[in-house]
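Participant: how does the following fold in three dimensions:
(one chain, ligands or ions: 2)
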Amino acid sequence: MQTQVLPINEQSIALAADLLRRGELVALPTETVYGIAADARNGAAVKKIFTAKGRPQDNPLIVHICGMEMLAGIVACVPPRAQKLAAAFWPGPLTMVLPRGPEVSDVTCAGLDTVGVRMPSHPVVQAVIRASGVAFAAPSANLSGKPSPTNAADTLADMDGRLPLILDGGESAVGVESTVVSLAGEHPLLLRPGYVTKEQMEAVLGEEVFVSHAILEKLRPGETARSPGMKYKHYAPKADVTIVKGSWQAYRAFVAAHAGPGVFALCFDGEGAALAGLGVPAVEYGAAGDGASEAHRLFSALRELDKAGAKTVYARCPRSDGVAMAVYNRLLRAAAFRVVEV
Ligand code: TXA
Ligand code: MG
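Facilitator: Ligands and ions are numbered 1, 2, ... in the order given. As a prediction, the model looks like this:
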């Protein structure tokens, strides 16, 4: 299959809408990461997403909408907590898991009785949904297991020949996938951290948002994941990544002691030159202590390490609260949970 990459204009939006209505795939930018869209009501269309990504069939997809009225048929109900979170954070990088409605395909939900829904703020997504009238299922546009793409070039690197169209809308502003919160149980439960933080949701809801332990810990053997996506190896570059927790001085000494062929550093802005001076090439991934800046850079930094031929990567450890919880969560998976304290 020929994959076209088109700039955003009326014709390319109309073409994307037409492809979606005909049950085909379209890769497109969102404010979080690039996604691969297919009509969420059309099981045969959604199956093509799983094939294009090499994604396990039991990992459900998020349904994207552009107005509250589009929830009809997709979810069974909009509970008061969902109304509050939607009013505060939609359109934006928040996915809510709700009881599933009758129209969404089994393939989209991977057979679960819940469905994840989100209303993205990106103007291209909104334009495509409006032009097609299609609520679309869309996972991140990477091959399964690779870091999510945050621009059209990284999307093409993974999806060339696998789908007909990529809309090029520049770089994604947020850089990590949406926050996922389940509102289908007794208490709100954070399943995946993102740009919308636990603290922000608690302020709006006036109650505690519980945190799934799988966010910052490995699943125990035999345990079933509340969010099936959490059980898979994720976000992994080709190199072996280790997170090094400690002060800048201790990190620099650790990296100096472990320098060698194929060894790279993944550090904060302004630190790369000092490491290069030690003979260790470095990729910077945002400002120390600034979760939003690290989130924006993390996935493209991981892909840069691959392109540079890194074999072993020592990563500076981000914070684990606020937006940085999302950064730490993705980096932990990229590192297969290897963390050393120095
Ligand atoms: O920012 C985003 O959310 C991007 C853009 C494209 O919108 N999409 C995205 O989709 O990250 P994906 O498929 O890569 O991640 C969806 C996550 C997975 O971890 C999945 O297991 C979880 O959401 N999920 C989806 N539906 C669920 C459900 N009904 N119950 C629990 N977890 C669910
Ligand atoms: Mg993904």
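Participant: export only the CA atoms of the helix or strand that contains Val107, formatted as CSV.
Facilitator: Secondary-structure assignment from DSSP states H and E places Val107 in helix 106-109. Extracted C-alpha coordinates of helix 106-109, given in CSV (Å, rounded to 0.1, in the frame of the first residue of the first chain):
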residue,chain,number,x,y,z
ASP,A,106,-16.6,-5.3,20.3
VAL,A,107,-13.3,-5.0,18.5
THR,A,108,-12.8,-1.4,19.8
CYS,A,109,-13.5,-2.4,23.4
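Participant: what's the offset of it from the middle of its chain?
Facilitator: 19 Å (Cα atoms, centre = their mean, to the nearest Å).
Participant: against which helices or strands is it packed?
Facilitator: helix 43-53 (3 or more Cβ pairs under 8 Å, 6 or more residues apart in numbering; DSSP states H and E). C-betas here are computed from N, CA, C, even on glycine.
Participant: ok, which stretches of the stretch 1-150 of the chain are strands?
Facilitator: Under the criterion DSSP state E, counting those that start in this stretch, the stretch 1-150 of the chain contains strands at 4-7, 26-28, 35-39, 62-64, 94-99, 114-118, 136-137.
Participant: strands paired with the first one, and their directions?
Facilitator: Note on strand 4-7: by DSSP bridges, its sheet partners are strand 165-168 (parallel).
Participant: chain center to the next helix or strand after the partner strand: distance?
Facilitator: Using DSSP H and E, the helix or strand that follows strand 165-168 towards the C-terminus is strand 179-182. Offset of strand 179-182 from its chain centre (Cα atoms, centre = their mean): 12 Å.
Participant: which strands and helices lie in contact with strand 179-182?
Facilitator: Short answer (3+ Cβ pairs under 8 Å, 6+ apart): strand 179-182 packs on strand 94-99, strand 189-192.
Participant: dump the ones you listed into a markdown table; add mean neighbour count, distance to Asp160 and mean pLDDT as well.
Facilitator: Output for the helices and strands packed on strand 179-182, formatted as a markdown table (neighbours: other Cβ atoms under 10 Å; distance: least, Cβ to Cβ, whole Å; pLDDT from 0 to 100):
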| stretch | mean neighbour count | distance to Asp160 | mean pLDDT |
| --- | --- | --- | --- |
| strand 94-99 | 24 | 28 | 98 |
| strand 189-192 | 21 | 28 | 98 |
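Participant: adding distance to Ala38, write those out as CSV.
Facilitator: Shown next, in CSV, are the helices and strands packed on strand 179-182 (distance: least, Cβ to Cβ, whole Å):
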stretch, distance to Ala38
strand 94-99, 17
strand 189-192, 21
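Participant: which parts of the strand or helix carrying Val244 are buried?
Facilitator: Per DSSP H and E: Val244 is located in strand 240-245. Of all the residues in strand 240-245, those buried under the rule 16 or more other Cβ atoms under 10 Å are 240-244.
Participant: likewise stretch 34-51?
Facilitator: Under 16+ other Cβ under 10 Å, the buried positions of stretch 34-51 are 34-42, 45-50.
Participant: and these near ligand 1, which?
Facilitator: Gly35 (Cβ under 6 Å from any ligand atom).
Participant: how does this structure divide into domains?
Facilitator: 4-215, 240-341 (automatic domain parsing).
Participant: give me the secondary structure label for Tyr314.
Facilitator: Three-state call for Tyr314 (DSSP: H, G, I helix; E, B strand; the rest coil): strand.
Participant: pull the contacting residues for Arg319.
Facilitator: For Arg319, the contacting residues are 289, 291, 325, 328, by Cβ atoms under 8 Å, 6 or more residues apart in numbering.
Participant: how about Glu207?
Facilitator: Going by Cβ under 8 Å, 6+ apart, Glu207 touches 187-188.
Participant: would you mind giving the secondary structure of it?
Facilitator: Applying three-state DSSP: Glu207 is coil.
Participant: can you read off the pLDDT for it?
Facilitator: Note for Glu207: predicted pLDDT of 98.
Participant: next one: it from ligand 1, what distance?
Facilitator: According to Cβ to the nearest ligand atom, to the nearest Å, Glu207 and ligand 1 sit 20 Å apart.
Participant: picking that back up, with distance to ligand 1 and pLDDT added, can I get the contacts of Arg319 in a markdown table?
Facilitator: As requested, the contacts of Arg319 are arranged in a markdown table below (distance: Cβ to the nearest ligand atom, whole Å; pLDDT from 0 to 100):
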| residue | distance to ligand 1 | pLDDT |
| --- | --- | --- |
| Gly289 | 24 | 96 |
| Gly291 | 16 | 98 |
| Met325 | 15 | 97 |
| Tyr328 | 16 | 97 |
